[in-house]
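Chemist: predicted model follows, preceded by the sequence.
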Amino acid sequence: GQNIDQPTEMTATEGAIVQINCTYQTSGFNGLFWYQQHAGEAPTFLSYNVLDGLEEKGRFSSFLSRSKGYSYLLLKELQMKDSASYLCAVRDDDYKLSFGAGTTVTVRA
Amino acid sequence: GAVVSQHPSWVICKSGTSVKIECRSLDFQATTMFWYRQFPKQSLMLMATSNEGSKATYEQGVEKDKFLINHASLTLSTLTVTSAHPEDSSFYICSARGLVETSGPTDTQYFGPGTRLTVL
């Protein structure tokens, strides 16, 4: 089975940095994805890790440690528009995605 | 590239009726399409995997006779909710897997905008 854990909610102020952790225990691993989802909308792709290490993409970075079953998404220079749900998803060997419950990030002025 | 559309974006129907949702990959051919359901404040749950020209593979607990999936071409999959009931009210999202030259991984899932179904 797939077990993916991430915090339910996080709050930060505009301009700050927030780190969203994700731990996983899955049968099969073929990459870890982070998606952003605004209320009532479909998820949009943010980042992808398949090898250990840090992937940087503008204000967003994602880290993976396969041996620890751990990833984090780092959001820098937070903006109000970053208020959304952030979903951690693990892809298995059949290319199916299993999602965590999502972390709701609220950015305050 | 990698645009996936869904139609309709929202639908309200009476209990007992059937509703069809279309999912199209607009600028690439999708080897596989996936259907998800998302209840309020919950994450996406995979319902079924659909390959062009073959029967869909349903996840455990999903009734295949209630959620009919047809994958007629490499760019179109449809989900029909038959005899819908209020408990079927949800946000249905499709995704398409394809080889697309983008800034992200080339073989990944691209999500449609979702369909909000409300059954009265």
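Modeler: Good, I have the coordinates. Numbers count the residues shown, from 1 in each chain, chains lettered A, B, ... in the order given.

Chemist: list the strands paired with the helix or strand of chain A with the lowest mean pLDDT, with their directions.
Modeler: Of all the helices and strands that make up chain A, strand A:44-49 has the lowest average by mean pLDDT, DSSP states H and E, namely a mean of 90. According to DSSP bridges, strand A:44-49 forms sheet pairs with strand A:32-37 (antiparallel).

Chemist: what are the buried residues along the top strand by length along chain B?
Modeler: Under DSSP state E, the strand in chain B containing the largest number of residues is strand B:90-99. Buried positions in strand B:90-99, judged by neighbour count with 16 or more other C-beta atoms under 10 Å in any protein chain shown: B:90-98. Bear in mind the C-beta positions are built from the backbone N, C-alpha and C, glycine included.

Chemist: over to stretch B:46-57?
Modeler: By neighbour count, with 16+ other C-beta under 10 Å as the criterion, the buried positions of stretch B:46-57 are B:46-52, B:56.

Chemist: direction included, what does the helix or strand of chain B with the lowest mean pLDDT pair against?
Modeler: Taking mean pLDDT, DSSP H and E as the measure, the helix or strand of chain B with the lowest value is strand B:107-111, at a mean of 83. Strands adjacent to strand B:107-111 in the sheet, as given by DSSP bridges, are strand B:90-99 (antiparallel).

Chemist: list of residues touching the partner strand?
Modeler: A:40, A:42-43, A:95, A:97, B:2, B:4, B:6, B:21, B:23, B:25, B:28-39, B:44, B:77, B:79, B:81, B:106-112, B:114-117 (C-beta atoms under 8 Å, 6 or more residues apart in numbering or on different chains).

Chemist: fine, thanks again, bye for now.
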